[in-house]
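>>> Provide a 3D model corresponding to the input given below.
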Amino acid sequence: MRFAKVAAASAAVLLLAGACGGGGEESGSGDVPKELTVWVMGDSQPKLVDYFKEVDAAWKEKHPESSVKAEFIPWADVQKTLTTALAGGDAPDVLEVGNDQVSNWASQGALLDITKPTEEWGDAKDMDQAALEYGRFDGVQYGVPWFSGVRTLYYRADWLKDLGLEAPTDWKSLVDVAKKIQDEKDVPGFCAPTDFTNGIASFIWSNGGEIAVQDGDKWEGRLTDAKTKEAIEFYAGLNSKEKVSPKGAMNANELDACLPEMANGKLGMYIDGSWARGAMEETAEDKKVVDEIATVPMPGADGIAPAMAGGSDLAVFADGESTEAATELMLLLGNKEWGDKYAEAAGFFPAYPEMLDDEKYTKTGDAKASAEQAKNTKFFPATPKWNKADLDQKILPKAVLSIAKGEDADKVLKDANDELTKTLNEKVE
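Below is the predicted model of the structure:
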């Protein structure tokens, strides 16, 4: 799952040891190459650099003549970089893949079948089984969960305290609190960007609706179902009916429309992930404003709304020259010890539910809210065509935008549902 839009000109490369060359070019002891390469999506933050230094040391304990090299690939470059690798360019041994993109890359032949080693892997039984299943395509395991991330509700705690209000826990209180913030603080109460499938999905799921369901080999869009329609109309209505959302939220995403406003004291509430606080601190003109922002689980129709189970999987590149060693490294990175360490270093959550109760994930602030939210999650349709429907065609965001502009919801959702069903059922080549 793509967590943040990272602007960078090129991939940052971290050489963790003195060995040179790409993975598999030279052999060390046995069938283990002198160097194995891991592609990590995002920027090379200091904590992640330190993490891979420790991984390299752990790998060397078993394979003294082999090293681990991590290359950080900006999210904006992922599609192009993987496509180039698939076409025969420089390729990694192990790679991070957004969990909603595993089926897409697996269908193109980029990922190795890791069904057998995963079935024989002891830690797999303690993973989030839904997340593990999400790493399968056509009954074959191609990815294993590395970490998870969820969105929560960010709100101005100081403002709510001044107004004698509690953080909202359902749709009704969300609107009530948003209107009171708007009346008293003269800023929009809640930001509801229309180009925000992850957030919109939570509203749909919390009302008992679905975006699409699989029936045998076919996918059926559910955008016209009564509960889904009700949720979409409620969300769109935060802009058009309740008018608690800023005008800039129309045809915009949360990063552009909401985060800067929240960071600079011009917004009462919005939905984003734990990774957003760092961006707010960078954006804020007055850092003290960010200190007043708190988080709680997302309010649903009646109680906590399910969050999109964001996160990334680890996979092995199918055309790598040392797939056996790469699989061993992948399972090392994803095991309980190193999976937990990466989640903590990256600011996310481990793929093992039992770890969510650890004090470091539940103690205070954002971690506490996110850990609670992480226990209530759902996944997008597990099909290679979901990326096309959402990222390319933007079927759901366009429908929400049209309804927010006042177009007939029945017609908009029927057309969108027909397009969604058609796209999800396109033949995978």
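
>>> for T228, give me its contacts.
Neighbour list for T228: I204, N207, G209, E210, I211, R222, L413 [criterion: CB atoms under 8 Å, 6 or more residues apart in numbering]. (Each C-beta comes from the backbone N, C-alpha and C, glycine too.)

>>> low pLDDT regions in the stretch 1-150 of the chain?
Low-confidence regions of the stretch 1-150 of the chain, defined by pLDDT under 70, span residues 1-30.

>>> just to revisit the earlier point, of the contacts of T228, which belong to helices?
Taking DSSP state H, the ones among these that sit in helices are I204, L413.

>>> for D113, helix, strand, or coil?
Per DSSP: H, G, I helix; E, B strand; the rest coil, the local secondary structure of D113 is coil.

>>> excluding chain neighbours, what is closest to it?
V140 (5.2 Å; CB to CB, 6 or more residues apart in numbering).

>>> same thing with D158?
Per CB to CB, 6+ apart, closest to D158 is E292, 4.2 Å.

>>> so that neighbour sits against L160, correct?
No. Counting by CB atoms under 8 Å, E292 does not reach L160; the two are 10.0 Å apart.

>>> between these two, tell me which one has more neighbours.
Using other CB atoms under 10 Å, the more surrounded residue of E292 and L160 is L160, with 20 against 14.

>>> which residues touch that one?
Listed by CB under 8 Å, 6+ apart, the contact set of L160 reads E166, A167, V177, I181.

>>> ok, the third one touching K185?
Right, V177. No. Between V177 and K185 there is no contact, the gap being 11.3 Å when judged by CB under 8 Å.

>>> neighbour count for these two, which is higher?
V177 (25 against 17).

>>> who are the packing partners of the helix or strand containing the more buried one?
Per DSSP states H and E, V177 falls inside helix 171-185. Judged by 3 or more CB pairs under 8 Å, 6 or more residues apart in numbering; DSSP states H and E, helix 171-185 is in contact with strand 151-156, helix 157-163, helix 226-240, strand 269-273, strand 299-300.

>>> kindly recompute the last result at 7 Å.
Judged by 3 or more CB pairs under 7 Å, 6 or more residues apart in numbering; DSSP states H and E, the packing partners of helix 171-185 are helix 157-163, strand 299-300.

>>> outside of that helix, which residues touch it?
The contact list for helix 171-185 (CB atoms under 7 Å, 6 or more residues apart in numbering) reads 159-160, 163, 165, 168, 187-190, 234, 242, 244, 268-269, 299, 301.

>>> please name the nearest non-neighbouring residue to T421.
Using CB to CB, 6+ apart, the nearest residue to T421 is G221, at 4.1 Å.

>>> give me the number of residues near the one you found?
G221, neighbours per other CB under 10 Å, totals 27.

>>> need the contact list for it.
Listed by CB under 7 Å, 6+ apart, the contact set of G221 reads A212, N417, L420, T421.

>>> restricted to strands, list those.
A212 (DSSP state E).

>>> may I see the contacts of G221 organised as JSON lines, with distance to V38, pLDDT and neighbour count added?
Formatted as JSON lines, the contacts of G221 follow (distance: CB to CB, whole Å; pLDDT from 0 to 100; neighbours: other CB atoms under 10 Å):
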{"residue": "A212", "distance to V38": "33", "pLDDT": "98", "neighbour count": "23"}
{"residue": "N417", "distance to V38": "40", "pLDDT": "98", "neighbour count": "22"}
{"residue": "L420", "distance to V38": "35", "pLDDT": "98", "neighbour count": "27"}
{"residue": "T421", "distance to V38": "38", "pLDDT": "98", "neighbour count": "18"}
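
>>> now name the helix or strand holding F72.
Per DSSP H and E: F72 is located in strand 67-73.

>>> which elements pack onto that strand?
Here strand 67-73 touches strand 12-14, strand 35-41, helix 46-62, going by 3+ CB pairs under 7 Å, 6+ apart.

>>> can we see that at 10 Å?
Under the contact definition 3 or more CB pairs under 10 Å, 6 or more residues apart in numbering; DSSP states H and E, strand 67-73 sits against strand 12-14, strand 35-41, helix 46-62, helix 78-86, strand 94-98, helix 323-334.

>>> what angle do helix 78-86 and it make with each other?
130 degrees (axes from the mean of the first three to the mean of the last three CA atoms, to 10 degrees).

>>> relative orientation of strand 67-73 and helix 323-334 in degrees?
Using the same axes, to 10 degrees: strand 67-73 against helix 323-334 is 70 degrees.

>>> now strand 67-73 - C-alpha only, PDB.
Output in PDB follows, covering the C-alpha atoms of strand 67-73 (Å, rounded to 0.1, in the frame of the first residue of the first chain):
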ATOM      1  CA  SER A  67      26.400  -9.300   2.200                       C
ATOM      2  CA  VAL A  68      23.100  -7.500   2.000                       C
ATOM      3  CA  LYS A  69      22.600  -4.300   0.100                       C
ATOM      4  CA  ALA A  70      19.500  -2.200   0.400                       C
ATOM      5  CA  GLU A  71      18.400   0.100  -2.400                       C
ATOM      6  CA  PHE A  72      15.600   2.700  -1.600                       C
ATOM      7  CA  ILE A  73      13.200   3.300  -4.400                       C
END
